[in-house]
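Chemist: Sequence first, predicted coordinates after that:
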Amino acid sequence: MSVHIEPIGRFLLAVGVIVAVCHLGGLLCHRIRQPPVIGEIAAGLLLGPTLLGAVAPSLQRALFPEEVLQAVGMAAQLGLVTFMFLLGSELRVDHVRGNGKVVWALVAGSILLPFLAGTGFALLTRPAFGTPQVSTTAYALFVGLAMSITALPVLARILADFRADQSFLGTLALMAAAVGDALAWAALTVILAVTGSGSTGELVLRSALALTLVLLTVFVVKPALRTLLHRLPVNSRVTVPALVVGTTAFAATTEVIGLHPVIGAFLFGCAMPRGSAVLQRASAQLRGFTVSVLLPLFFAGVAMKTAFDAFGTAGNWLLFAAALAVATVTKFVGASSGALLAGLDRARAFQLGALMNCRGVTELVVATVGLQNGFVNEFGYTVLVLIALVTTALTGPLARLRAEEAPQENHRIPMKHGGTFHVRQD
């Protein structure tokens, strides 16, 4: 006897399976001292057509028919924009004050070299990774940006797991990652604004609208939010709904402009006042459901878009190996060189080079934006996903800092070429 399941039932079943499998993968990775996000992403890949679809194609089609995938994708977009709001609201670049020399040296080294190398690599590999939807310049700029990403939220989680988030190296890495993330999303906004489809007039209009939104956010929305959140009681019931409304409104606005919804969500998050008890409580409530339920749906969506069947030739495996080498080596060399130029000793500089290689969820978001906007094809997207997995998996073992790098209270670290580095806790 066949069992008929209505579409809503199929959707709910799919959500339950995705959340359960992803969290099981996260727990397994946590047991082996790897970031849970690695297991969650890998578990999502198991549910995709390349793995589950190859072993049990009828089961995979029954669990994830096209209409269910569309519904899961919509829910995943909500999770993605909420996550980007949280990322923006928690971004702290104010700590750079007093530590500008060493932080900016690390940021410059960890971004410029992989960006330039990634751009050059992209120009050589466009037939394999690119699409005819965008120009060669836009494609190369996007790949260069993707190669230079450091995932702030995953890096923070890794350092916290090893109780190194308040250590000298941990503090420095997090500050540099925060500045790098802000620059990366700003750069992605510019790339999306100036490379979209349409006439020159439409591109100018899109850029002008994007700039207007940024200015309104900085000079109107941000002061208004500071005043409103200061007046609200900590346990106000309207805070979370108001933040969701603001996040979705900003996300929808940037979508209408011709950018990507994650840009608007991130911008709205950046407008949040720092140190607000009301915001911290509301963010904690949002984070629980977003990270536990909605982000696994995004990971599953990533799995459904990966094209592992494209790795059937030795040539494509070599392309992946080359892309991985370019991403990891240039990031390590660039970050380490920046740290050395700022006056750090070689051992600390090399550890920072390893830490700044963490890409995690941020790389997945950037890769998804690239696929949706035609910057990369499915093979290029899959390569970026695998780079995110491999580099994040390597960061955990390399983040086991030496005993002398244990957490310390506010202190100053003497630099090799003179001066000090101040570790702040607030």
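Modeler: It's in.

Chemist: drop to CA atoms for contacts and neighbour counts, all remaining ones
Modeler: Fine.

Chemist: Name the next helix or strand downstream of whatever helix or strand residue 228 lives in, please.
Modeler: Of the helices and strands defined by DSSP states H and E, residue 228 is found in helix 222-231. As assigned by DSSP H and E, the chain's next helix or strand after helix 222-231 is helix 239-257.

Chemist: Show me what that following helix is packed up against.
Modeler: Counting contacts by 3 or more C-alpha pairs under 8 Å, 6 or more residues apart in numbering; DSSP states H and E, helix 239-257 packs against helix 66-90, helix 200-216, helix 261-270, helix 277-289.

Chemist: export the ones you listed to CSV and tack on distance to residue 43, mean neighbour count and mean pLDDT?
Modeler: Shown next, in CSV, are the helices and strands packed on helix 239-257 (distance: least, C-alpha to C-alpha, whole Å; neighbours: other C-alpha atoms under 10 Å; pLDDT from 0 to 100):
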stretch, distance to residue 43, mean neighbour count, mean pLDDT
helix 66-90, 16, 21, 90
helix 200-216, 37, 16, 86
helix 261-270, 24, 26, 92
helix 277-289, 19, 16, 91
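
Chemist: can I get those helices in CSV with distance to residue 10?
Modeler: Below are the helices and strands packed on helix 239-257 laid out as CSV (distance: least, C-alpha to C-alpha, whole Å):
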stretch, distance to residue 10
helix 66-90, 7
helix 200-216, 39
helix 261-270, 27
helix 277-289, 21
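
Chemist: Which helix or which strand is home to the residue at minimal distance from the centre of the chain?
Modeler: For the chain, residue 362 is the residue whose C-alpha lies nearest the centre (C-alpha atoms, centre = their mean; 1.0 Å). Element membership of residue 362, judged by DSSP H and E, is helix 360-372.

Chemist: ok now that helix, how far from the chain's centre?
Modeler: 7 Å (C-alpha atoms, centre = their mean, to the nearest Å).

Chemist: just use 57 as the starting number from now, easier for me
Modeler: Done: numbering now begins at 57, and the last item shifts to helix 416-428.

Chemist: Quick one: list the elements packing against the one helix or strand residue 196 maps to.
Modeler: Using DSSP H and E, residue 196 maps to helix 192-203. Identification of packing neighbours for helix 192-203 by 3+ C-alpha pairs under 8 Å, 6+ apart yields helix 156-185, helix 224-251, helix 416-428.

Chemist: coming back round to it: the residue nearest to the centre of the chain contacts residue 206, doesn't it?
Modeler: Yes: Residue 418 lies in contact with residue 206 (C-alpha atoms under 8 Å); the separation is 7.3 Å.

Chemist: Report the inter-axis angle for whichever strand or helix holds residue 69 versus helix 122-146.
Modeler: Assigned by DSSP H and E, residue 69 belongs to helix 63-87. For helix 63-87 against helix 122-146, the angle by axes from the mean of the first three to the mean of the last three C-alpha atoms, to 10 degrees is 50 degrees.

Chemist: And the pLDDT for the residue nearest to residue 194 when sequence neighbours are not counted?
Modeler: Of all residues not flanking residue 194 in the chain, residue 251 sits nearest, at 6.2 Å (C-alpha to C-alpha, 6 or more residues apart in numbering). As predicted, residue 251 sits at a pLDDT of 76.

Chemist: Residue 251: neighbour count?
Modeler: 20 (other C-alpha atoms under 10 Å).

Chemist: Now do the contacts for it.
Modeler: Residue 251 makes contact with 190, 191, 194, 259, according to C-alpha atoms under 8 Å, 6 or more residues apart in numbering.

Chemist: how close does it sit to residue 195?
Modeler: With distances taken as C-alpha to C-alpha, to the nearest Å, residue 251 is found 9 Å from residue 195.

Chemist: With residue 86 instead?
Modeler: 36 Å.

Chemist: out of the two, which sits in the busier spot?
Modeler: Shown here are residue 86 and residue 195; by other C-alpha under 10 Å, residue 195 has more neighbours (26 against 16).

Chemist: Verify the stated contact: residue 443 with residue 382.
Modeler: No: using C-alpha under 8 Å, residue 443 is not in contact with residue 382; the gap is 10.3 Å.

Chemist: Any stretches of the stretch 307-456 of the chain with poor pLDDT?
Modeler: The stretch 307-456 of the chain contains residues with pLDDT under 70 at 454-456.

Chemist: Run the angle between the next helix or strand after the helix holding residue 69 and helix 63-87 for me.
Modeler: Counting by DSSP H and E, the next helix or strand C-terminal to helix 63-87 is helix 92-102. Relative orientation of helix 92-102 versus helix 63-87 (the same axes, to 10 degrees): 140 degrees.

Chemist: before we move on, the earlier item: list of residues touching the helix holding residue 69?
Modeler: By C-alpha under 8 Å, 6+ apart, helix 63-87 touches 91-100, 103, 119-120, 123-124, 127-128, 348-349, 352-353, 356.

Chemist: can you give me the offset of it from its chain's centre?
Modeler: 21 Å.

Chemist: One more: stretch 421-433?
Modeler: 13 Å.

Chemist: Mind listing residues that contact that stretch?
Modeler: With C-alpha under 8 Å, 6+ apart, stretch 421-433 has contacts from 136, 185-190, 194-195, 198, 202, 316, 358, 434, 437, 440-441.

Chemist: Of the residues you listed, keep whichever come out buried.
Modeler: Buried by 16 or more other C-alpha atoms under 10 Å: 136, 185-187, 190, 194-195, 198, 202, 316, 358, 434, 437, 440-441, out of these.
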